[in-house]
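Chemist: coords below, sequence missing:
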């Protein structure tokens, strides 16, 4: 795993600027650093390396193709680089290193953008073509690795994280208010938006080309999709267990290739436990890692131990306590350099830190809930089907509109209408927005945020994804597709990438390996989720490998006892920072009202957490007024 950055400018670059952009990403790559400048000084590429495959200096980047035409900066891993190497050797390529970086740049030299389809891995990269004077940028299928870019008047910039772009001279730290509204609605900033004006994310499964014009100015083509997750249910398969276990075993084997020590994140849930089992059954000693809490409601160590004992892994645990929040709070605000309020960012960071003490690469179970329908909302979606069998859509929609303005109503019909009385896009929007997005929040907005609200609705984000979602495969598959494009890319993978890169740990989500994605797309939705079950095909497969209690226990989620910790930490780091800026955007009475109405186990903890994080984020990054 690495950090990449670069620039194309109409005038010669200051090399120190590229170095500063590069070194803003030092945490992503502590093993080597380098910058390349074009002969005229107007193209710059920077790289920070975390060495995983081929640790020799000859594999460092920026990396030149064998003919010297292409220059690569790359963040990620190609798990099938050995197979690709053989294919390229048959075409006459002679390799100088054992690195996957060289395989990637030679694959692009031989096959162009078609090489992307051949890659099994996670990646974000940029390749400068010295002959054609163009930059080719690409991002992996699921969006495991980040890629931010900015097209300015006379320059094109890119980087693994926005903090590198902020080093560009004259960068205006203006907030992009539609992105800030997205954060308030969803708890993160979804692709392709960025929290900063003029900045964007390259969407997962997309590439883009930047040409250098005759006057030296960059010309940016719109991103193009090279891959999409096409759900194609196979109704002929009766028993998915053999294919699931075989594919998972092969994926874990492929993804365990590294020249450094490797381990497994193990929560004790089905997803991570299956990954640990697949790796252990392949032979060799497996290292597993988990974190826990003194609060039994959140602690999963007993389940992780059961799997570790069954497979005799070398098991490590880390207990988290309330003081751990203040220890890394501001560090993580810097790591997550867009507003981000997923409550599991804290345990994910500490799990990564514990793992990094022993290994450099960790396999994880991330992505299974989205691709195999593991969230509780999938059951709710199927209950919607049942409700609509005896309550007409028109009646539900009418009552829902009325009930939305009368939250005090408690009749069964009104409760059901609020849950189910929307079109599919509307229902998904309600499912995916936290409690903070409400008339109360909208009434509290001030200044430019309130002005932007006139043109904004969170539904638009989901509606754009729904244009490509399967429409005739059932609601489970519709939600799986939206989760894959929205929740996974914008929330889960951002959380894992930033938390692990904060300690220079590479994390490889096994369920996002390309064969696993293809298999998940083939399983019919009703074999995965129903009114009373979720992720069923995966759970059935797990029963032959894992303790039954681990498989059939209720979904717990990777969360900390945040509500209690917030109450105990009052008056410390959770108070408003000096010079609070959030009051310019939101009425301070909103947070005060949420605090006054907070009850143990109530629904306000997430909203309070979200507003406090935003307040501290604004204080740290100091956007322009």
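Modeler: Yes, it's here. Quantities reported herein were computed from a predicted structural model and do not represent experimental measurements.
Chemist: Show the contacting residues for the nearest residue to residue 534 once chain neighbours are set aside.
Modeler: Distances taken as C-beta to C-beta, 6 or more residues apart in numbering place residue 378 nearest to residue 534, at 4.9 Å, with adjacent residues excluded. No exception for glycine: its C-beta is placed from N, CA and C like everyone else's. Neighbouring residues of residue 378 by C-beta atoms under 8 Å, 6 or more residues apart in numbering: 476, 479, 528, 529, 534.
Chemist: redo that, cut-off 6 Å
Modeler: 476, 529, 534 (C-beta atoms under 6 Å, 6 or more residues apart in numbering).
Chemist: out of those, who has the most neighbours?
Modeler: The most crowded member of those, judged by other C-beta atoms under 10 Å, is residue 529 (29 neighbours).
Chemist: any idea how far that residue lies from residue 383?
Modeler: 11 Å (C-beta to C-beta, to the nearest Å).
Chemist: try residue 358
Modeler: Taken as C-beta to C-beta, the span from residue 358 to residue 383 is 44 Å.
Chemist: who touches residue 184 in this structure?
Modeler: Not one residue lies near residue 184 by C-beta under 6 Å, 6+ apart.
Chemist: try 7 Å
Modeler: The contact partners of residue 184, by C-beta atoms under 7 Å, 6 or more residues apart in numbering, come to 436, 437, 441.
Chemist: what about the residue nearest to the second one when sequence neighbours are not counted, which SS state?
Modeler: The spatial neighbour of residue 437 that comes closest, neighbours along the chain excluded (C-beta to C-beta, 6+ apart), is residue 185 at 4.6 Å. Using DSSP: H, G, I helix; E, B strand; the rest coil, the secondary structure recorded for residue 185 is helix.
Chemist: Count the residues that sit near residue 185.
Modeler: Residue 185 has 21 nearby residues by other C-beta under 10 Å.
Chemist: cool, residue 479 as well?
Modeler: 27.
Chemist: Contacts only, for it.
Modeler: Here residue 479 is in contact with 378, 381, 428 (C-beta under 7 Å, 6+ apart).
Chemist: neighbours around the second one, how many?
Modeler: Applying other C-beta under 10 Å, we find 25 other residues in the vicinity of residue 381.
Chemist: Next: the last one.
Modeler: If you count neighbours by other C-beta under 10 Å, residue 428 ends up with 25.
Chemist: Next, the contact list for it, please.
Modeler: 462, 479, 482.
Chemist: Could you report the separation of it from residue 204?
Modeler: 19 Å.
Chemist: In this structure, which residue is most central in space?
Modeler: The residue lying closest to the centre of the chain (C-alpha atoms, centre = their mean) is residue 493, at 1.9 Å.
Chemist: pretty sure that residue contacts residue 145?
Modeler: No: the criterion here is C-beta atoms under 7 Å, and residue 493 misses it with residue 145 at 8.5 Å.
Chemist: on contacts alone, who are the packing partners of the top helix by length along the chain?
Modeler: Longest helix of the chain, by residue count under DSSP state H: helix 605-621. Helix 605-621 is packed against helix 323-335, helix 562-568, helix 589-596, with contacts defined by 3 or more C-beta pairs under 7 Å, 6 or more residues apart in numbering; DSSP states H and E.
Chemist: For burial, what's the neighbour tally of the residue lying closest to residue 217 once chain neighbours are set aside?
Modeler: Once flanking residues are discounted, residue 217 sits nearest to residue 10: 4.6 Å by C-beta to C-beta, 6+ apart. Using other C-beta under 10 Å, residue 10 has 15 neighbouring residues.
Chemist: Check the spacing between residue 10 and residue 212 real quick.
Modeler: 9 Å.
Chemist: How about residue 235?
Modeler: 51 Å.
Chemist: which of the two has more neighbours?
Modeler: The residue with more neighbours, out of residue 235 and residue 212, is residue 212; 22 against 9, by other C-beta under 10 Å.
Chemist: tally of neighbours for the closest residue to that one other than its chain neighbours?
Modeler: In this structure, residue 212 finds its nearest non-sequential neighbour in residue 133, 4.2 Å apart by C-beta to C-beta, 6+ apart. Residues within reach of residue 133, counting by other C-beta under 10 Å, total 17.
Chemist: gap between residue 133 and residue 17?
Modeler: Counting by C-beta to C-beta, the gap from residue 133 to residue 17 is 21 Å.
Chemist: before we move on, what about residue 489?
Modeler: 30 Å.
Chemist: So those two - more neighbours on which side?
Modeler: residue 489 (24 against 16).
Chemist: Bridge partners for residue 220, pull those for me.
Modeler: residue 210 (DSSP bridges).
Chemist: so who does it touch?
Modeler: Per C-beta under 7 Å, 6+ apart, neighbours of residue 220: 151, 156, 208, 210.
Chemist: In strands only, show me the residues you listed.
Modeler: Per DSSP state E, strands hold the following members of the contacts of residue 220: 151, 156, 208, 210.
Chemist: so what pLDDT did the residue nearest to residue 212 get?
Modeler: pLDDT recorded at residue 133 is 96.
Chemist: did I read that right, residue 351 in a helix?
Modeler: Yes: according to three-state DSSP, residue 351 belongs to a helix.
Chemist: neighbours of it, just the number please.
Modeler: 29.
Chemist: With residue 507 instead?
Modeler: 23.
Chemist: that older thread, shouldn't the residue nearest to residue 437 be in contact with residue 460?
Modeler: No: Residue 185 is beyond contact range of residue 460, at 10.1 Å (criterion: C-beta under 7 Å).
Chemist: sorry, back to before: spit out the contact partners of the residue nearest to residue 217.
Modeler: 154, 155, 215, 216, 217.
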